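1. With the sequence up front, the predicted model follows.
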Amino acid sequence: MSSIYNIYGTDSHSMTRKLLEASDAVKLVPSGGSVALKPNLVVAGHPDDGATTHAGVLAGCIEYFRDSGVRDISIIEGSWVGDNTSRAMKAAGYDEVCRKYDVPFIDLKHDKTRSINTPIGPIDICVRALEAGLLVNLPVLKGHCQTLMTCALKNLKGCLPDREKRRFHSLGLTKPIAALGSVLKAGLIIVDSICGDLNFEEGGNPVQTHRMYLGTDPVQIDAYGCSLMGLSPGQVPYVKLAEEFGAGSMKFSADDIISLNDPVNAGSYPSPSGRVASLTRNVHEDSACSACYASLVRALHVNSRGKSRSIYIGQGWQGRKIPSGSLGIGKCCAGADECVMGCPPSAKDITERL
């Protein structure tokens with residue numbers, strides 16, 4: 001099984017560099033090879049809305065690989081059908097990154113394509129993605145209105161021409177996403193899970209997790225992402241199918257997770273609003289870390305019946321009496337009659353308890 005490097009914080013630039021340094025990622029670049037950074041730029045929106053990859057992730061990657069001797073670095077992406085990639089890259093602040101580091105941005109909507117055989121037949125894939133020495137996949141872990149979750153495997157859909165994106169939807173997404181993952185291999189994946197949206201790929205209800213993680217197996221990365229969102233891989237069928245198609249393995253254990261710091265480094269959760277506020281109306285929070293609170297929010301979204309329970313969470317409850325019959329979240333609330341232990345507990349564990 002591959003290792004997953006995990007880090008908490010709010011500075012996407014610094015967090016990205018630390019992940020790359022800890023994993024010695026430059027070893028994945030072929031001698032004299034290029035690096036192509038593939039973010040999630042689905043719509044023209046600010047990353048803090050929960051839909052697109054933070055510009056700091058790109059800056060951190062560029063600096064790390066440049067400092068490691070790599071000179072041929074580019075950013076490649078094509079926004080979803082109906083949106084303008086150039087407008088989207090400016091909204092996300094990528095234009096400033098490109099100017100600062102003198103790195104080209106390639107709009108894949110205008111790239112040449114090559115037909116590649118897959119388990120479900122040929123798929124046309126953009127040449128820039130296929131020919132990169134190291135393709136670095138930089139997805140956002142977030143909800144999706146059709147597939148429930150989107151992360152590493154689905155982010156590769158941006159490496160297709162618009163005609164293929166339309167065809168993927170006509171085929172129902174599950175099989176083509178899994179098939180694409182089996183032939184388009186990103187050698188490195190860095191997941192921006194700082195504030196991925198609760199349930200919609202366009203953003204609008206960000207969940208402040210303040211977490212990023214790195215790995216090399218897209219199926220494992222997506223299975224881990226499912227657990228963080230309170231989902232089983234079975235609820236996101238393309239993950240299991242991608243494993244069957246040879247894209248990777250869903251297996252991971254606690255021993256595979258290498259944490260570079262503690263959840264407390266994620267900072268406290270900001271005041272919830274919108275859908276998040278509705279889900280947490282019976283939550284008694286006192287100095288809760290973002291990572292712990294986000295797990296609870298994801299779990300309540302998956303199992304909304306838990307909204308009626310009296311729930312306690314946060315460092316402020318350590319050593320204090322928690323009312324009888326309440327549910328505690330995380331080791332800080334171990335004094336509750338019933339508690340989901342962990343630091344932080346996964347959304348999957350909280351969902352099962354709810």
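-> Everything's here; your move.
2. Quick check: which ranges of the protein have low pLDDT?
-> 1, 80-83 (pLDDT under 70).
3. Nearest residue to the middle of it?
-> Leu141 (2.5 Å; Cα atoms, centre = their mean).
4. if we look at stretch 275-282, which residues are touching it?
-> The contact list for stretch 275-282, computed with Cβ atoms under 8 Å, 6 or more residues apart in numbering, reads 198-199, 205, 207, 271-272, 296-297, 300-301, 304, 307-311. Every residue, glycine included, has its C-beta placed from N, CA and C.
5. Hmm, I typed the wrong one, I wanted stretch 231-241.
-> For stretch 231-241, the external contacting residues (Cβ under 8 Å, 6+ apart) are 147-149, 153-154, 173-175, 177-178, 181, 219, 222-223, 226, 250, 302, 347-348.
6. My guess is the residue nearest to the centre of the chain contacts Val191. True?
-> Yes - at 5.3 Å, Leu141 and Val191 qualify as touching, with contact defined as Cβ atoms under 8 Å.
7. Just the buried ones from the contacts of stretch 275-282?
-> Among the contacts of stretch 275-282, those classed as buried by neighbour count (16 or more other Cβ atoms under 10 Å) are Leu198, Asn199, Asn205, Val207, Pro272, Leu296, Val297, Leu300, His301, Lys307, Ile311.
8. what pairs with Val136 across the strands?
-> Leu37, Leu188 (DSSP bridges).
9. Can you tell me how far it is from Gly204?
-> Using Cβ to Cβ, to the nearest Å, Val136 is found at 27 Å from Gly204.
10. re the thing from before, what's the most distant pair in the contacts of stretch 275-282?
-> Distance extremes for the contacts of stretch 275-282: the farthest pair is Asn199 and Ser310 at 24.4 Å, using Cβ to Cβ.
11. mind checking which helix or strand Ile190 is in?
-> Here Ile190, judged by DSSP states H and E, is contained in strand 188-193.
12. Same question for Ser249.
-> Taking DSSP H and E as the definition, Ser249 sits outside all helices and strands.
13. residue contacts, it?
-> Ser249 neighbours (Cβ under 8 Å, 6+ apart): Met1, Asp217, Val219, Gln220, Glu243.
14. With secondary structure, neighbour count and distance to Asp67 added, can I get those residues in CSV?
-> Converted to CSV, these look like this (DSSP: H, G, I helix; E, B strand; the rest coil; neighbours: other Cβ atoms under 10 Å; distance: Cβ to Cβ, whole Å):
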residue, secondary structure, neighbour count, distance to Asp67
Met1, coil, 12, 29
Asp217, coil, 23, 26
Val219, helix, 30, 30
Gln220, helix, 25, 28
Glu243, helix, 22, 35
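15. Out of those, the closest to Ile125 would be?
-> Looking across the contacts of Ser249 and measuring by Cβ to Cβ, the closest to Ile125 is Val219, at 18.6 Å.
16. so what's the closest one up against?
-> Residues in contact with Val219, defined by Cβ under 8 Å, 6+ apart, are Leu153, Gly181, Val239, Ala242, Glu243, Ala247, Gly248, Ser249, Met250.
17. Over to the closest residue to it other than its chain neighbours: give its phi and psi.
-> Leaving aside its sequence neighbours, Val219 sits nearest to Gly248 (Cβ to Cβ, 6 or more residues apart in numbering; 3.2 Å). Main-chain torsions, Gly248, degrees, to the nearest 10: phi 160, psi -170.
18. From Ser227, how far off is Gly248?
-> 16 Å.
19. Tell me where the stretch 151-300 of the chain has helices.
-> All helices of the stretch 151-300 of the chain, identified by DSSP state H, counting those that start in this stretch, fall at 152-155, 162-170, 174-183, 218-228, 237-244, 274-279, 290-302.
20. Out of those helices, indicate the one that is most buried.
-> Of the helices of the stretch 151-300 of the chain, the one with the most neighbours on average (mean count of other Cβ atoms under 10 Å) is helix 152-155, at a mean of 29.
21. Residues in contact with that helix: which ones?
-> Helix 152-155 is contacted by residues 38, 40, 137-140, 144, 147, 173, 177-178, 180-181, 186, 189, 191, 218-219, 221-222, 225, 238-239, 242, 247 when judged by Cβ under 8 Å, 6+ apart.
22. Return the distance of stretch 176-190 from the chain's centre.
-> Taking Cα atoms, centre = their mean, to the nearest Å, one finds stretch 176-190 lying 15 Å from the centre of the chain it belongs to.
23. gap between the two ends of it?
-> Taking Cα to Cα, to the nearest Å, stretch 176-190 runs 22 Å from one end to the other.
24. follow-up on the earlier one: how much space separates the residue nearest to the centre of the chain from Ser14?
-> 19 Å.
25. mind listing what the nearest residue to Ser310 once chain neighbours are set aside touches?
-> Spatial nearest neighbour of Ser310, excluding adjacent residues (Cβ to Cβ, 6+ apart): Ser326 at 4.5 Å. Each residue near Ser326 by Cβ under 8 Å, 6+ apart is listed here: His284, Arg309, Ser310, Ile311, Tyr312, Ala336, Asp337, Glu338.
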